[in-house]
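Engineer: Predicted model follows, preceded by the sequence.
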Amino acid sequence: MSPNSTGNGALVPFSGDTNDSLSVYTLHHGLSRPISRVAISWSRGNSLRVSLFAEPSGSPDAGDGAKVVEVKLGGGDPEIDDADWRRIAYGSVAPFALLQSRRSSISALSKSPSSYHSDWWEHVLQYSKDITSLFTEPKLALNPIIEDPNEIVQNKEEPTCLKAAWELMEIFYVDKQSQAWQPERLVDWLADYDCLFTSTQETIHGKLVDFQNDLVNIQVIEDDPRYWEVMSSALSVGWLDIVVKMLRLHGSYKLDQLSYRELENGLVEAVAVLISKMPRLRHKSAVGNLGDCFKSKPDFIKAWEKWRSQITKLDCSPFWIQCDNKQTREGLRNLLQVLLGNTESLCTASCHWIELYVSHFLYIRPFTTGIENMYTLAQKCIQLKPPTGTHRLTGLMIGILAENTEVVLAEISREFGPWMVAHAVELLTAGSEQAEILLHDERYNLGGISMMELHRLAYAQVLSSHALTWQIAPIYLTSCMKQGMGLLENLLYRQSVQHNNLLLKNIEICRLYGLDHISSNIMKVAGVYHWKHGHKGAGVYWLQQSQDTNCLNRIAQQLFDSVGKSISDESFKQWEGVIELLGSESKPAGGLEFLHKYRDFKKSLQMVYSGKSADAARQAAGSLVLLMKNPSTPQRFWLTLLYDSLKLLNWKDSPLLSVSETHLLLNKLQELSLARQRPQFTEPSLPHQALSSIRLALATNLGRAILDE
């Protein structure tokens, strides 16, 4: 890692001549002064945060003396930005979870491994199709009203290497129904993704695009050597519709020339018809594509032999001698040589080994079956067309053809990152018992987990490190039987409790996976956090949800100091909102249950003091008795309650308390006298004559109650 500034300095000595595979990351920090100190720390995701400190300067106008730069350490796809990666990450959760559910259901119902493997590939194929749909955003197809005759290559959606790699694995590992015409699927794959190889080498697609751009400036198209060269190249990889369309651009089709170029036009049309009728061993052809499709191999062989005989017959026709246009004659005969499978013509027409590889399936080995024959052919094509550059898809294709699962895993991990590995494992094991054993067997050197679990854990770690994706990490962690649940607990504990939405999301994840003990602990942490930061109501609520009686009782003691005063004290009003949240449930509220009832009693008492009716006084007296009976009422509040109730005890109309209720209050007063002898007793802040006033009022009420009864 070398920081570039106005003066290029290096943190560590590095030589570009080394043979080691070192990654160099350039830092553009913009500091003008030399760097004196560097601090490196991990950032979110697969990133480093590099802090650079310039040498101190005595001048006040020297500018910034420090800079923080974030460096992404690979793992990302340059073709896909972060927003699209998140879209793919979220979109792939549902197909992945559904496949795991089906795996569990089938495994539970299956009595033998063979029944499990027989139709499993169908579920994986559906999973693969769902994943493939995520790679490109749906766009409306803009079909022009008037077709441009000079448009050879249609402008389609921009393909990505990620989609190309996924579809390549689907062809070879998953789609068992299309194994009979696997080479033809490879032809279609190259037609969609040949443009991707343009970044490292020349391609047929690139030649077509360049020729199309220059087509408007060409006067006589059949006299241009590139016209025939590009057509033979497109024909070599089976792009029949493009070749026929280009042939129809030939000058002999013009009405003003058809009369004296009839023979030439007949040869061009004969070749175009042969190309459009080329037999293809495939289930069906895409809409608009040329060629006669045959599902069964016997029908295909019969049609192939007949078609080849027609090409040979045309190639030996005497009409070639009568054709005056040399470029047309040689160009058309070269196209026939491609159709006849001339190795030299195919090698000349193709640009890189994968194109030559596909051309062999079309014209030389149309009956190829079996991956072994395909790998041998790939080696031969690589020798004939050595690659001029290393492309991301090349190593993957060689690994697939060599049936080397470990190489395939290494390639997709290196080129496409953890997401690809975690999801592509399902494709690799769809029809290969050997791959399933390799990826699912527990390994001692991995801590007793399998390679599959290792890759899922790695991907879950990437998700967990980002604030926008941590919510979907539990899907992958719970699919890892050995270490997934432990890491899931750590992930849930790490989430912040400050924001309510995030906290609710965290609790919902705990509920989905039956992690009640973690949910309780998280709510406890949230309650303590909110209480300490002044959010009293939220703190009490979450502590109640966690049923943490100890914390609630401690909070009750703090509240007792604030509310345990006379009714005339104004400080009680600021706590009424908190007390409203407490509810009347005794078990989750602990000592706070008293505060709720205390609040109700004070409200009734305030109505009495404000001159309300006798019904309000009787209601307040009943609340007083209930409070004094309740064991959760702290002893320190007894005297305050009785002092606040003096008006009730001295009610003029009639005694509000019965004899038994008055005896209860007198007994409480006696207990309080004994408790005052204890050192830990807290004396309420009441007037000096409060105790004598209470005793007199109780004695008076008792006498009146006895007379009434």
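Structural biologist: Cool, got the structure.
Engineer: Would you mind writing the CA trace of stretch 626-633 as CSV?
Structural biologist: The C-alpha coordinates for stretch 626-633 follow below in CSV (Å, rounded to 0.1, in the frame of the first residue of the first chain):
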residue,chain,number,x,y,z
LEU,A,626,-56.2,-1.0,49.8
LEU,A,627,-52.8,0.7,49.8
MET,A,628,-52.2,0.0,53.5
LYS,A,629,-53.3,-3.6,53.0
ASN,A,630,-51.0,-4.2,50.0
PRO,A,631,-47.7,-5.8,51.0
SER,A,632,-45.9,-4.0,48.1
THR,A,633,-46.6,-0.6,49.8
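Engineer: buried residues in it?
Structural biologist: Buried residues in stretch 626-633, defined by neighbour count with 16 or more other C-beta atoms under 10 Å: 627-628, 632-633. (Each C-beta comes from the backbone N, C-alpha and C, glycine too.)
Engineer: before we move on, what about stretch 212-231?
Structural biologist: Quick answer for stretch 212-231 (16+ other C-beta under 10 Å): 212, 215, 221-222, 224, 227-231.
Engineer: Regarding stretch 509-518, how distant is the last residue from the first?
Structural biologist: End-to-end distance for stretch 509-518: 10 Å, by C-alpha to C-alpha, to the nearest Å.
Engineer: Go through that stretch and flag the buried ones.
Structural biologist: Neighbour counts over stretch 509-518 (16+ other C-beta under 10 Å) mark 509-510, 513, 515, 518 as buried.
Engineer: Next step: these restricted to helices.
Structural biologist: Cross-referencing the buried residues of stretch 509-518 against helices under DSSP state H gives 509-510, 518.
Engineer: For Gln126, state which of the buried residues of stretch 509-518 is nearest.
Structural biologist: Of all the buried residues of stretch 509-518, Tyr513 has the smallest distance to Gln126: 25.5 Å, by C-beta to C-beta.
Engineer: For the residue nearest the centre of the chain, pull up the helix or strand it's in.
Structural biologist: The centroid of the chain falls nearest to Ala89 when counting by C-alpha atoms, centre = their mean (2.1 Å). Under the criterion of DSSP states H and E, Ala89 resides in helix 82-91.
Engineer: Return the list of helices and strands in contact with that helix.
Structural biologist: helix 405-428 (3 or more C-beta pairs under 8 Å, 6 or more residues apart in numbering; DSSP states H and E).
Engineer: So for the helix it packs on, what gets flagged as buried?
Structural biologist: Residues 405, 408-409, 411-413, 415-428 are the ones in helix 405-428 that count as buried (16+ other C-beta under 10 Å).
Engineer: For it, which helices and strands make contact with it?
Structural biologist: By 3+ C-beta pairs under 8 Å, 6+ apart, helix 405-428 packs against helix 82-91, helix 93-109, helix 120-132, helix 161-169, helix 392-401, helix 433-440, helix 451-464.
Engineer: now the angle from that helix to helix 433-440?
Structural biologist: Using axes from the mean of the first three to the mean of the last three C-alpha atoms, to 10 degrees, the direction of helix 405-428 lies 100 degrees away from that of helix 433-440.
Engineer: Report the rounded mean pLDDT for helix 405-428.
Structural biologist: The pLDDT scores in helix 405-428 average 91.
Engineer: just to revisit the earlier point, taking the buried residues of stretch 212-231 together, which two end up most distant?
Structural biologist: Gln212 and Glu222 (16.3 Å).
Engineer: show me where pLDDT drops low in the stretch 551-700 of the chain?
Structural biologist: 559-593, 611-612, 677, 679-685 (pLDDT under 70).
Engineer: Tell me where it has helices.
Structural biologist: Taking DSSP state H, counting those that start in this stretch as the criterion, the stretch 551-700 of the chain contains helices spanning 576-582, 586-589, 593-609, 614-629, 638-644, 646-649, 659-675, 690-708.
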